[in-house]
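S.K.: here is my input, please return the structure:
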Amino acid sequence: MGFSLLALVVLVGMLGPLLAGRESWHLPAVVGELLGGLLVGASGLRLLDSKEPTFTVLAQVGFALVMFVVGSNVPVRDVTVRRALRRGLVGAVLVGVLAALAGIGLAALFGTGHAALYGVLIASSSAALILPIITSLGLHGIAQLTAQVAIADAVCIVALPLAINPARAASTALGAVAVIAGAGLIFFVLRRLDRDGLRKRLHRLSERRKFALELRINVLLLFGLAALAQFAQVSVLLAGFSLGLVVAAIGEPRRLARQLFGITEGFFGPLFFVWLGASISLSELGSHPAMILLGVCLGASAILSHLVARLVSQPLLLGVVAAGQLGVPVAAAALGTQLRLLRPGEDAALLLGALLTIAATTVAASLRARRERGSAIAP
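M.R.: Take a look at the predicted model:
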C-alpha cells in the first residue's frame with residue numbers, strides 16, 4: 001500500500017466531517033466515512049482493496065484505538081452510570097431473550113440452521129459506532145444506554161465465535177478470559193503506581209520534556225493486549241475496549257486524552273471506518289434474492305428487539321440507537337466466509353442487516369438531538 005492509496009483513504013475519510021459539518025442534519029462523522037468506503041471499495045469503484053495486508057493491519061490498529069478511546073470515555077466513575085448499570089443489564093438481557101427467539105425463527109424460516117449466529121447478531125450493539133454518535137451529537141440522559149451498549153457489545157464479541165463455530169467454543173472462551181485477565185492485571189498495576197505517586201511524577205516529566213511518555217506507554221499496553229487477543233484468536237475490539245475501561249476507572253489525564261483523540265480521530269479512526277465500508281460487498285445479493293430478505297429481516301429484528309428496553313425506562317429513540325451494529329456482523333461475515341460456514345450470499349445478508357441498523361441508529365440519534373435542542377430553546 002503506497003502513499004497514493006493512503007492519500008485516497010484520507011481524502012475519502014474527509015466525507016465524514018463534510019457531511020457532519022451540516023449541523024441541521026445531525027449526522028455523525030462515521031456515517032460519511034462508511035459511505036466513502038462503500039463508494040471506493042468492493043461495492044463501488046473498487047479503488048481500495050480491504051484485503052491488502054498493510055491496509056488491513058492499519059485498520060486493525062485503528063479499530064483497537066477507536067475501541068480504546070470509546071472505553072476510556074465511558075464514565076465508569078460517574079455515579080449516574082453506576083446507578084444505571086442495573087437497568088442497562090436488565091435491558092441487555094431482555095433484548096437478548098427476544099434476539100434468541102428471533103434468531104430461531106429466522107433460521108427456521110430461511111432454512112440456514114444458524115439460529116445462534118442470528119441471535120448474537122440481533123442482540124449486538126456496537127460501542128464503536130454508537131458511543132461516537134451520541135458523543136458527537138451531545139445527547140443527554142444516556143447513562144443507561146451506555147451501560148446497555150457496553151454490556152451487549154462485550155458479551156456478543158465473546159459469544160460470536162462460540163455461535164458461529166461451536167467446535168472451538170472452549171478455546172475461544174479461554175482466549176476472552178485471558179484478555180480480560182490481562183486488562184485486570186494492568187488495572188491493578190496502574191492503580192498501584194498511581195497511589196505511589198509515580199504516575200504523577202511521570203506525567204510532570206513528560207509534560208516538561210515533551211516526551212509523550214503516557215501516550216507511548218498506553219499504546220504499548222494496547223498493542224500488547226491486542227497481541228494477546230490475536231494469539232488467543234479473540235477480536236482486538238475486546239482488547240481495546242477493556243484497556244479503555246481500565247484507563248477510565250483510574251482516571252485519564254487530559255493531556256493523554258487530547259493525544260489519543262488526535263491520532264485516533266485524525267487518522268486511524270477514519271481509516272478504519274473507510275476500510276470497513278470498503279470491505280462490504282453487496283453485489284452477491286443480486287444473485288441470491290432470498291438473502292436480501294434475510295438481511296432486511298435481521299436488521300428489522302435487531303431494531304424491534306432493542307425497543308423492549310422501554311420496559312426499563314429506555315426512551316424508544318434511544319432503543320433504536322442501541323440497535324446499531326458494526327464490528328460483530330463484519331466479523332461474522334469474515335469468519336463465516338473464511339471457515340466456509342455460510343451459504344452463498346449469506347455474508348452479504350449479514351452486512352445488509354448491519355447497514356439497516358446503522359441507518360436507523362443515525363436517524364434516531366438525529367431526531368433525539370433535534371428534540372433535545374428544541375426543548376432547550378423552548379421557553
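S.K.: could you use CA atoms for every contact and neighbour count after this?
M.R.: OK.
S.K.: just name the shakiest helix or strand of the chain by mean pLDDT.
M.R.: helix 327-338 (a mean of 74; mean pLDDT, DSSP states H and E).
S.K.: buried residues, the helix or strand following it. List them.
M.R.: For helix 327-338, the following helix or strand on the C-terminal side (DSSP states H and E) is helix 346-377. Within helix 346-377, the residues that count as buried by 16 or more other CA atoms under 10 Å are 346-358, 360-370.
S.K.: same thing with stretch 146-155?
M.R.: Thr146, Ala147, Gln148, Val149, Ala150, Ile151, Ala152, Asp153, Ala154, Val155.
S.K.: tell me the mean pLDDT over it?
M.R.: The predicted model gives stretch 146-155 an average pLDDT of 84.
S.K.: show me what contacts Ser301?
M.R.: Counting by CA atoms under 8 Å, 6 or more residues apart in numbering, Ser301 touches Ala99, Ala102, Ile122.
S.K.: now do 10 Å
M.R.: If you count contacts by CA atoms under 10 Å, 6 or more residues apart in numbering, Ser301 has them with 98-99, 102-103, 106, 118-119, 121-123, 295, 323, 353, 357.
S.K.: let me know the helix or strand that it is in.
M.R.: helix 289-306.
S.K.: and if you look at Arg201?
M.R.: Per DSSP H and E: helix 198-209 holds Arg201.
S.K.: neighbours of Arg204, just the number please.
M.R.: Other residues lying near Arg204 total 11 when counted by other CA atoms under 10 Å.
S.K.: what distance separates the helix holding Ser301 from the centre of its chain?
M.R.: Centroid separation for helix 289-306 versus its chain: 19 Å, with CA atoms, centre = their mean, to the nearest Å.
S.K.: angle of that helix against helix 346-377?
M.R.: 40 degrees (axes from the mean of the first three to the mean of the last three CA atoms, to 10 degrees).
S.K.: could you point out which element follows helix 289-306?
M.R.: helix 316-321.
S.K.: could you dump stretch 260-267 to CSV, C-alpha only?
M.R.: Output in CSV follows, covering the C-alpha atoms of stretch 260-267 (Å, rounded to 0.1, in the frame of the first residue of the first chain):
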residue,chain,number,x,y,z
LEU,A,260,-5.3,9.9,21.9
PHE,A,261,-8.0,12.0,20.3
GLY,A,262,-5.5,13.4,17.8
ILE,A,263,-4.0,10.2,16.5
THR,A,264,-7.4,8.3,16.5
GLU,A,265,-9.8,10.9,15.1
GLY,A,266,-7.1,12.5,12.9
PHE,A,267,-6.1,9.3,11.0
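S.K.: in it, what's buried?
M.R.: Neighbour-count burial for stretch 260-267 flags Leu260, Phe261, Thr264, Glu265, Phe267 (criterion: 16+ other CA under 10 Å).
S.K.: now stretch 190-207
M.R.: Leu190, Arg191, Arg199, His203.
S.K.: these into a markdown table, with extra columns for pLDDT and distance to Arg254?
M.R.: Listed next are the buried residues of stretch 190-207 as a markdown table, based on pLDDT from 0 to 100; distance: CA to CA, whole Å:
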| residue | pLDDT | distance to Arg254 |
| --- | --- | --- |
| Leu190 | 88 | 17 |
| Arg191 | 89 | 17 |
| Arg199 | 77 | 14 |
| His203 | 75 | 11 |
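S.K.: of all these, which two lie farthest apart?
M.R.: Arg191 and His203 (14.6 Å; CA to CA).
S.K.: and the helices in the stretch 51-200 of the chain?
M.R.: Here the stretch 51-200 of the chain has its helices, by DSSP state H, counting those that start in this stretch, at 53-72, 79-110, 115-123, 127-136, 143-164, 169-195, 198-209.
S.K.: with distance to Ala239 added, can I get the ones you listed in a markdown table?
M.R.: As requested, those are exported to a markdown table (distance: least, CA to CA, whole Å):
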| stretch | distance to Ala239 |
| --- | --- |
| helix 53-72 | 7 |
| helix 79-110 | 21 |
| helix 115-123 | 20 |
| helix 127-136 | 13 |
| helix 143-164 | 10 |
| helix 169-195 | 6 |
| helix 198-209 | 22 |
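S.K.: for Ala20, find the nearest of those.
M.R.: Ala20 lies closest to helix 127-136 among these, at 9.2 Å (CA to CA).
S.K.: got the angle between the closest one and helix 346-377?
M.R.: Angle of helix 127-136 versus helix 346-377, following the same axes, to 10 degrees, is 20 degrees.
S.K.: using CSV, write out every CA atom in helix 127-136.
M.R.: The C-alpha coordinates for helix 127-136 follow below in CSV (Å, rounded to 0.1, in the frame of the first residue of the first chain):
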residue,chain,number,x,y,z
ALA,A,127,-20.0,0.7,21.1
ALA,A,128,-17.5,1.7,18.3
LEU,A,129,-20.5,3.1,16.3
ILE,A,130,-23.0,4.2,18.9
LEU,A,131,-20.8,5.9,21.5
PRO,A,132,-19.1,8.2,19.0
ILE,A,133,-22.5,9.1,17.6
ILE,A,134,-24.1,10.1,20.9
THR,A,135,-20.9,11.9,21.9
SER,A,136,-20.7,13.9,18.6
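S.K.: so what secondary structure elements neighbour it?
M.R.: Secondary-structure packing of helix 127-136 (3 or more CA pairs under 10 Å, 6 or more residues apart in numbering; DSSP states H and E): helix 29-40, helix 53-72, helix 143-164, helix 236-250, helix 269-279, helix 316-321, helix 327-338, helix 346-377.
S.K.: which of these comes out lowest on mean pLDDT?
M.R.: helix 327-338 (a mean of 74).
S.K.: my read: Val90 touches Gln148, true?
M.R.: Yes: between Val90 and Gln148 there is a contact at 8.2 Å, judged by CA atoms under 10 Å.
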